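In: my questions concern the predicted model and sequence given below.
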Amino acid sequence: MLPTLLIVDDERATREGLRSALEEEFDIYTAANASEAATILKSEHIQLLLTDLRLGGDSGMQVLDAALALPDPPVALMMTAYGSVDTAVEAMRHGAWHFVTKPLNLDEVEMLLKRALRSRNLETENKQLTQQVAKSHKLDRLIGKSLEIQKVSELIQQVSPTRATVLIEGESGTGKEVVAHMIHHLSGRPASKMVTVHCAALSPQLLESELFGHEKGAFTGAAQRRIGRFEQADGGTIFLDEIGEIDAATQIKLLRVLSERSLERVGSNTPVKVDVRVIAATNRNLREMVDAGTFREDLYFRLNVVKIEMPPLRNRREDIVLLANSFLAEFAKENQRPLKPLTDEALKLLLSYPWPGNVRELRTAIEHGVVMSNDSQIDARHLPNFLQQAPGFIKRSAISKNSLDDPMELNLHVLEAKAIRAALASSDGNRTRAAELLGLSRRTLQRKLKELGI
């Protein structure tokens, strides 16, 4: 059965053109205005919505609001020939998944619709899994609709039911521990313990004792036997955070545990069998450490059975609004404050900031805004000072509605060119990787390069 798609546009030629181009991939319904769209949305199970912003006397925002009010809402894409940063932000505020401008590139539209459907299916599956686990466990969710987060979600679901060791790499604050908890809770071992060890916080001797335990008298101060974290996690999962910080001697012992599923306590020669799922994380590149001779290659191969790379927040900007709204609800409840929306200016500020501290930094910024706002909304001035001092932030008093320092900054073609140049720079000129970062096909990127003269 083909996925259902509702196309809403007041121009018949556009509706029929899209139908002709997409009918082999989707079961298509069309509407010319908000009233027709509402009737179809109520009577049919629509999975995808593609609506124009301007519909004669109606607005695409009306269609979007009606669709998202449904118990099982479709994923919505907004299209318009009157694009700007303001309308893009407004569409996102209303819940649009993506925003495209006319004239439409049919290959790009088809790719975005397929990505949107994939995102919807993954979100549905994640909700079901989360609901199952949340009956007995409080579980943080991996929030996002970006292609990068979709890939991470797929890997989590693929690897969780197995015994495979997982290595999670990524910058600090990207959510590596959240992923580790999700893998454990979906592993079939959620009733067992998940034990976390922060490897960078302990000296080599203390870390060895913490991981493997010690016998009475094994060293000065060892007044009694201690059961290590691996034994504590028997039957469950151990999460080794910042695995790249462990010393050479501990690396050897850890290799034995992974190879033989047994360990020896410090001061003992008696092997102890353990059944433990190992998940490791690091903000360093272990492959580079192996090449530099500071990390054992055989241990790297044992840890790197399945690698999950957590993307930095700057590479998944389409997730910022979703994350921010989730944190707003969390901290409003935690601080007993009313739930307040972010203003357009606050959203633009969040979307323009590079987030070197990633999701953790965004979380802190939103909590600050919830605490500091006494208004009905959370504005840019309620957010931390470091955001307002970031390059590119213009205070509200510095502009007026009819007077802009540089009107071209609101031109989507200019923004598109900047985004493409940034992706090419980030990928060292690799066009395939740049296309992935931009969420485009390589063919579409090649065409845009020619159009923009890049």
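Out: Now that the structure is in, tell me what you want to look at. For clarity, every value in this text was computed on a predicted model and none was experimentally measured.

In: count the residues that sit near the closest residue to Thr174 other than its chain neighbours.
Out: Nearest residue to Thr174 in three dimensions, chain neighbours excluded: Met310, at 3.9 Å (Cβ to Cβ, 6 or more residues apart in numbering). Quick note: C-beta positions are derived from backbone N, CA and C, even for glycine. Applying other Cβ atoms under 10 Å, we find 24 other residues in the vicinity of Met310.

In: kindly report the same for Ile40.
Out: By the measure other Cβ under 10 Å, the count of residues near Ile40 is 17.

In: secondary structure element holding it?
Out: For Ile40, the element it lies in under DSSP states H and E is helix 34-43.

In: packing partners for the helix or strand that that helix is followed by?
Out: Going down the chain from helix 34-43, the next helix or strand is strand 48-52, by DSSP H and E. Here strand 48-52 touches strand 4-8, helix 60-68, strand 75-80, helix 106-134, going by 3 or more Cβ pairs under 8 Å, 6 or more residues apart in numbering; DSSP states H and E.

In: the closest residue to Ala66 other than its chain neighbours: how many residues sit nearby?
Out: Nearest residue to Ala66 in three dimensions, chain neighbours excluded: Ala38, at 5.1 Å (Cβ to Cβ, 6+ apart). Per other Cβ under 10 Å, the neighbour tally for Ala38 reads 16.

In: roughly how far does Ala38 sit from Ala280?
Out: 51 Å (Cβ to Cβ, to the nearest Å).

In: domains in this protein, by residue range?
Out: Domains of the chain are assigned by automatic domain parsing as 4-121, 147-311, 314-409, 411-452.

In: dump those into CSV; add mean pLDDT as well.
Out: Formatted as CSV, the domains of the chain follow (pLDDT from 0 to 100):
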stretch, mean pLDDT
domain 4-121, 87
domain 147-311, 91
domain 314-409, 82
domain 411-452, 76
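
In: chain center to the helix holding Ile40: distance?
Out: Distance of helix 34-43 from its chain centroid, counting by Cα atoms, centre = their mean, to the nearest Å, is 32 Å.

In: point out the other helices and strands that it packs with.
Out: Contacts defined by 3+ Cβ pairs under 8 Å, 6+ apart place helix 34-43 against strand 4-8, strand 27-31, strand 58-59, helix 60-68.

In: what's the closest of those to Pro103?
Out: Ranking these by proximity to Pro103 (Cβ to Cβ) places strand 4-8 first, at 15.6 Å.

In: CA atoms of the closest one as PDB?
Out: Provided in PDB are the C-alpha atoms of strand 4-8 (Å, rounded to 0.1, in the frame of the first residue of the first chain):
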ATOM      1  CA  THR A   4      -1.000   8.800   1.400                       C
ATOM      2  CA  LEU A   5      -0.100  12.400   0.400                       C
ATOM      3  CA  LEU A   6      -2.400  15.400   0.400                       C
ATOM      4  CA  ILE A   7      -1.300  18.200  -2.000                       C
ATOM      5  CA  VAL A   8      -3.000  21.600  -1.300                       C
END
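
In: buried residues in the next helix or strand after that strand?
Out: Note on strand 4-8: by DSSP H and E, the next helix or strand toward the C-terminus is helix 12-22. Using 16 or more other Cβ atoms under 10 Å as the test for burial, helix 12-22 gives 14-15, 18, 22.

In: run through who's touching helix 12-22.
Out: The contact list for helix 12-22 (Cβ atoms under 8 Å, 6 or more residues apart in numbering) reads 5, 7, 9, 28, 30, 32, 50, 52, 104, 106, 109-110, 113.

In: swap in stretch 211-230?
Out: 195, 197, 205, 209-210, 231, 238, 250, 253-254, 257, 263-268, 274, 276.

In: can you give me the end-to-end distance of that stretch?
Out: Start-to-end span of stretch 211-230 (Cα to Cα, to the nearest Å) is 6 Å.

In: tell me which residues of it are tucked away?
Out: Within stretch 211-230, the residues that count as buried by 16+ other Cβ under 10 Å are 211-215, 218, 226, 228-230.

In: in helices, which of the residues you listed fall?
Out: 211-212, 229-230 (DSSP state H).

In: which pair of these spans the longest distance?
Out: Largest separation among these by Cβ to Cβ: Phe212 and Arg229, giving 8.2 Å.

In: returning to what we had before: thinking the residue nearest to Thr174 is in contact with Glu177, fair?
Out: No. Using Cβ atoms under 8 Å, Met310 is not in contact with Glu177, being 10.2 Å away.

In: phi, psi for the closest residue to Asn285 other than its chain neighbours please.
Out: With sequence-adjacent residues excluded and distances taken as Cβ to Cβ, 6+ apart, Asn285 is closest to Glu169, at 7.1 Å. Note on Glu169: its backbone torsions stand at phi -110, psi 150 [degrees, to the nearest 10].

In: ok so, going back, nearest to Asn430, of the buried residues of stretch 211-230?
Out: Among these, Leu211 lies closest to Asn430 (Cβ to Cβ), at 39.7 Å.

In: check the gap between that closest one and Arg256 for me.
Out: Using Cβ to Cβ, one gets 11 Å for the distance from Leu211 to Arg256.

In: ok, Leu6 next?
Out: Leu6 is 59 Å from Arg256, by Cβ to Cβ.

In: spatially, what comes nearest to Glu11 if we skip its sequence neighbours?
Out: Asp52 (7.8 Å).

In: correct me, but the one you found touches Asp58?
Out: No. Counting by Cβ under 8 Å, Asp52 does not reach Asp58; the two are 9.5 Å apart.

In: between those two, who's got more neighbours?
Out: More crowded of Asp52 and Asp58, by other Cβ under 10 Å: Asp52, with 24 against 19.

In: which residues does that one bridge with?
Out: Assessed by DSSP bridges, Asp52 has beta-bridge partners Met79.

In: OK, contacts around it?
Out: Going by Cβ under 8 Å, 6+ apart, the list of residues near Asp52 reads 8-11, 14, 60, 78-80.

In: can you tell me which of those are buried?
Out: Buried members of these, scored by 16+ other Cβ under 10 Å, are 8-10, 14, 60, 78-80.

In: tell me the one among these nearest to Arg447.
Out: Among those, and counting by Cβ to Cβ, the member closest to Arg447 is Met79, at 18.2 Å.

In: and that closest one, how far from Gly293?
Out: In terms of Cβ to Cβ, Met79 sits 54 Å off from Gly293.

In: same thing with Leu112?
Out: According to Cβ to Cβ, Leu112 and Gly293 sit 46 Å apart.

In: so for those two, which residue has more residues nearby?
Out: Neighbour count, other Cβ under 10 Å: between Leu112 and Gly293, Leu112 has more, with 21 against 8.

In: shouldn't that one be in contact with Met79?
Out: No. Using Cβ under 8 Å as the test, Leu112 is too far from Met79 to be in contact (10.1 Å).
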